[in-house]
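# Mind folding the following:
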Amino acid sequence: MNAFFDFMLSPAGLAVYAAFWAFKLTLGAWLLRRAMRLVPVHVRDGWRTRMIGWRLLLRGRMP
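Reported below is the predicted structural model:
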């Protein structure tokens, strides 16, 4: 286990770790985009409307 930590704390290990997270976040965003295409349009529009309303409410711009 000591060799593993030696590698992970080395510059190459940190680069591998950063690349893993970049890949994971990119793949997650891609999967969410593909999943949203399967949702009916009226459901997507309602979800977007609610999200915009929540953002405005948090900013204090809604009555």
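
# From now on I want contacts and neighbour counts done on CA atoms only, so please keep to that.
Fine.

# next one: phi and psi at residue 52?
Main-chain torsions, residue 52, degrees, to the nearest 10: phi -60, psi -40.

# Would you mind measuring from it to residue 46?
Note on residue 52: its distance to residue 46, by Cα to Cα, to the nearest Å, is 10 Å.

# Check residue 29 too.
Taken as Cα to Cα, the span from residue 29 to residue 46 is 20 Å.

# Helices of the protein, start to end?
Taking DSSP state H, the helices of the chain run over residues 2-8, 11-38, 41-59.

# and those, which one's lowest on average pLDDT?
Note on the helices of the chain: helix 41-59 shows the lowest mean pLDDT, a mean of 79.

# Next, count neighbours for the closest residue in space to residue 7 that isn't next to it in sequence.
Among residues not flanking residue 7 along the chain, residue 13 sits closest, at 5.3 Å (Cα to Cα, 6 or more residues apart in numbering). Residue 13 has 15 neighbours, counted by other Cα atoms under 10 Å.

# Same question for residue 16.
Using other Cα under 10 Å, residue 16 has 14 other residues around it.

# need the contact list for it.
By Cα atoms under 8 Å, 6 or more residues apart in numbering, residue 16 lies in contact with nothing.

# Please tell me how far it sits from residue 10.
In terms of Cα to Cα, residue 16 sits 10 Å off from residue 10.
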